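> Got a sequence here, can you build the structure:
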Amino acid sequence: MKKPSGYSRHLKLIKNETPAGESPLSDEERRQLLELSEKLRNAAVALSQAMNPLVEQLTQSCQTLYAQFEEVYQKAGMPYGDSKEGMMKWMKEQKETCRQAGEHQPKRHLHIVK
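Numbers count the residues shown, from 1 in each chain. Okay, the predicted model is just below:
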């Protein structure tokens, strides 16, 4: 396989073996690096903008699910008190109960309100 031009020079740069007095990058390499850096920055900005609506939807879905779990926990009488920790402990117990009963879908035991 043919190595790309400048391969050994770039390998030396990566290994930090540039001879004393030699410029680490040529003007063209600097230009290409700046161009690549700008493209990567633009891609990161575009990705962030594209992800924002998805993150908002996911956040809303999680909040809805959490509210449903809270409602089920309240209907169960909040056996471990009115706290996130108590609800999580109760939910773990419910999950274990489902697992022991051979259920793969805890919702059948929890009767989550839609």
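> Distance check, Lys95 against Tyr73.
Taking Cβ to Cβ, to the nearest Å as the measure, Lys95 and Tyr73 are separated by 13 Å. Any C-beta I mention is one placed from the backbone N, CA and C, and that applies to glycine too.
> same thing with Asp27?
From Asp27 to Tyr73 the distance is 66 Å (Cβ to Cβ).
> Mind checking which of these two has more residues around it?
More neighbours surround Tyr73 than the other of Asp27 and Tyr73, with 21 against 8 (other Cβ atoms under 10 Å).
> how close does that one sit to Thr59?
The separation that Tyr73 has from Thr59, given Cβ to Cβ, amounts to 21 Å.
> SS state for Gly77?
coil (DSSP: H, G, I helix; E, B strand; the rest coil).
> how about it, phi and psi?
Taking degrees, to the nearest 10, you get phi 90, psi 10 for the backbone angles of Gly77.
> show me the contacts for it.
By Cβ atoms under 8 Å, 6 or more residues apart in numbering, the contact list for Gly77 is empty.
> Repeat that for Ala67.
Counting by Cβ under 8 Å, 6+ apart, Ala67 makes contact with nothing.
> got it, and Cys62?
By Cβ under 8 Å, 6+ apart, Cys62 lies in contact with nothing.
> Averaged pLDDT, the helix or strand hosting Leu58. What do you get?
Following DSSP states H and E, one finds Leu58 within helix 27-75. Mean pLDDT, helix 27-75: 93.
> Could you pull out the buried residues of the helix or strand following it?
Toward the C-terminus, helix 27-75 is succeeded by helix 84-100 as the next helix or strand (DSSP H and E). Across helix 84-100, burial judged by 16 or more other Cβ atoms under 10 Å covers 87, 90-91, 94, 98.
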